[in-house]
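Chemist: just a sequence and a predicted model for now, questions to come.
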Amino acid sequence: MVADLDGPDEPGAAVDEPAEAPIDGTTDPRAEPPPLIRIRVLAGAALGSLLIGYLAVAVLLALVTAIATGAHFATEGVLDAALPGWLAANQVPVRILGIELGALPLLPTIGIVAITAKAAAGAADRLDLYRPDQAGKLIAIIAVAHGIAGLVAAGLSSRGDVTADPLSALYYPALVSGLAATAGAARRCGMLDAIVQRVDKAAVAGLRAGAFAAVLLLTAGGTLLTFGLLTSIATARDLFPAGAGNAIGMLALSIGYLPNAMIAATGFLAGPGFSIGSATMSPVTFDAGPVPPLPLLAALPEQGAWWWPALFALPLAVGVLVGRRLRYVDDDPVARLRAVAVAAGVVALAFVVLAGSAGGHLGRGPFDPVSLRAGALAVVLALWTAIPAAVATWFGGPHDPAAEPESATELSGPGDAVEEPGEVPRD
């Protein structure tokens, strides 16, 4: 018998345990929840984020309508208006009586992103998802649900005064919700860890430094915007309409456009500037023109100033800070430069998306279009980040001592004898 070949069993003899299955990207050691629970949680994440976002828009419209002077409040009308309002919150260009409005406020979009990201994170936690491929299914379900909802909303609004292109209503909500769901599920499902494991230390540091630089640049733009508003309080006060309800509505509209204004201010101090119709503003050029009577736009200057080029010191300082942040990421200066290149790429990508989203058509009048010059801004900010950071990391960080031989032993091969000075060779 086979058992006899191994000898009799003895007390205390070692018993071989069956080998454990390796835990990798294809093996799931955790028990998955039942299919009905998975369907319920996934449907709740997709439909819940849709419903909450729609209700948030409806409540905001109801509040503005209820307090506006001379407005007639009707529940059915508010719910109908919330459909194109939800599309606008997802950055879908809408047409009001056939006139396109593409320069949409970004603050509602940030709210939609936060709601969707929260729903995705909650679903990933309840389903105990921990692998990137599991997150992909969750993200796809949420994106598809939002895209279909946008298409349906565009169809239901097609006969009203506010309409939207069905194709735009399909892919804009899908894109916004997909990015939001990715952000919400990234940490819980190990997506960030997967990225870190596949790139070197310098690239990871560059990604973090790029995000750090983008936040600093937006902060600088917000500071400049605040300065402009504080020096134009009287002008802003005159732009509010009569009546408390109308004034509150105008205030809400200004708050909604605050992120757009911060991005425009960042573009101003970086150099490319922005334009509203025929009005063009940058530190080196200024062409006056009519602007919308929005209190937030009271921060715009009425004429150019000689000291505006001094604002270039702000993006320059951000580049230097990025360089100082990366100067000790590696002993090899070339690796540090690679980290700087990654950081500059992150800044360029962030601002080409932000500036592209913050502008657009604004009717057919003298205020159209609103352009933040997304391409030029991305290139200029990448240079503002890369050049000072490269100089700071190259000269401010350590150099690899292994690149320079320290002794004659490093010049010789392994096992080679090194002759001492003055030694007589033996024949």
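Modeler: Perfect, I can see it now. Numbering: from 1, shown residues only.
Chemist: C-alpha from now on. contacts and neighbour counts both.
Modeler: Will do.
Chemist: quick one, strands of the stretch 1-150 of the chain?
Modeler: Secondary structure of the stretch 1-150 of the chain, counting by DSSP state E, counting those that start in this stretch: strands at 94-96, 99-101.
Chemist: I'd like those written out as a markdown table, with distance to G397 and mean pLDDT added.
Modeler: What follows is those, written out as a markdown table (distance: least, Cα to Cα, whole Å; pLDDT from 0 to 100):
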| stretch | distance to G397 | mean pLDDT |
| --- | --- | --- |
| strand 94-96 | 51 | 92 |
| strand 99-101 | 50 | 89 |
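Chemist: could you dump the ones you listed into JSON lines and include distance to W394 and mean neighbour count?
Modeler: Shown next, in JSON lines, are the strands of the stretch 1-150 of the chain (distance: least, Cα to Cα, whole Å; neighbours: other Cα atoms under 10 Å):
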{"stretch": "strand 94-96", "distance to W394": "49", "mean neighbour count": "18"}
{"stretch": "strand 99-101", "distance to W394": "47", "mean neighbour count": "18"}
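Chemist: in the lengthiest helix in the chain, what counts as buried?
Modeler: With secondary structure taken from DSSP state H, the chain has its longest helix at helix 35-67. Across helix 35-67, burial judged by 16 or more other Cα atoms under 10 Å covers 41-50, 53-58, 60-65, 67.
Chemist: if we can go back for a sec, need the strands of the stretch 1-150 of the chain in CSV with distance to L354, can you?
Modeler: Shown next, in CSV, are the strands of the stretch 1-150 of the chain (distance: least, Cα to Cα, whole Å):
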stretch, distance to L354
strand 94-96, 19
strand 99-101, 17
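Chemist: so which of those gets nearest A124?
Modeler: Proximity to A124 (Cα to Cα) singles out strand 94-96 among these, at 33.4 Å.
Chemist: so what strands line up beside the closest one?
Modeler: strand 99-101 (antiparallel), strand 162-164 (antiparallel) (DSSP bridges).
Chemist: out of the strands of the stretch 1-150 of the chain, which gets nearest to S371?
Modeler: Closest to S371 of the strands of the stretch 1-150 of the chain is strand 99-101 (Cα to Cα; 13.2 Å).
Chemist: residues in contact with the closest one?
Modeler: Residues lying outside strand 99-101 but in contact with it, judged by Cα atoms under 8 Å, 6 or more residues apart in numbering, are P93, V94, R95, G360, H361, L362, G363, R364.
Chemist: show me the beta-bridge partners of the third one.
Modeler: Beta bridges link R95 to E100, T163, judged by DSSP bridges.
Chemist: just the strands in the stretch 251-400 of the chain please.
Modeler: For the stretch 251-400 of the chain, the strands defined by DSSP E, counting those that start in this stretch cover 274-276, 279-281, 286-287, 370-371.
Chemist: including distance to A185, could the ones you listed go into TSV?
Modeler: What follows is those, written out as TSV (distance: least, Cα to Cα, whole Å):
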stretch	distance to A185
strand 274-276	35
strand 279-281	40
strand 286-287	45
strand 370-371	33
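Chemist: winner for burial among those strands?
Modeler: Comparing the strands of the stretch 251-400 of the chain by mean neighbour count (mean count of other Cα atoms under 10 Å), strand 274-276 ranks first with a mean of 24.
Chemist: note down every partner strand of that strand and its orientation.
Modeler: The strands beside strand 274-276 in its sheet (DSSP bridges) come out as strand 279-281 (antiparallel), strand 370-371 (antiparallel).
Chemist: on that earlier part again, so which of the strands paired with strand 94-96 is nearest A81?
Modeler: Counting by Cα to Cα, A81 lies closest to strand 162-164 out of the strands paired with strand 94-96; the figure is 8.0 Å.
Chemist: where do the helices sit along the stretch 101-250 of the chain?
Modeler: Secondary structure of the stretch 101-250 of the chain (DSSP state H, counting those that start in this stretch): helices at 107-126, 132-156, 166-185, 191-198, 201-230, 233-238, 244-256.
Chemist: tell me the angle of the last one relative to helix 35-67?
Modeler: For helix 244-256 against helix 35-67, the angle by axes from the mean of the first three to the mean of the last three Cα atoms, to 10 degrees is 130 degrees.
Chemist: now helix 244-256, how far from the centre of its chain.
Modeler: Centroid separation for helix 244-256 versus its chain: 27 Å, with Cα atoms, centre = their mean, to the nearest Å.
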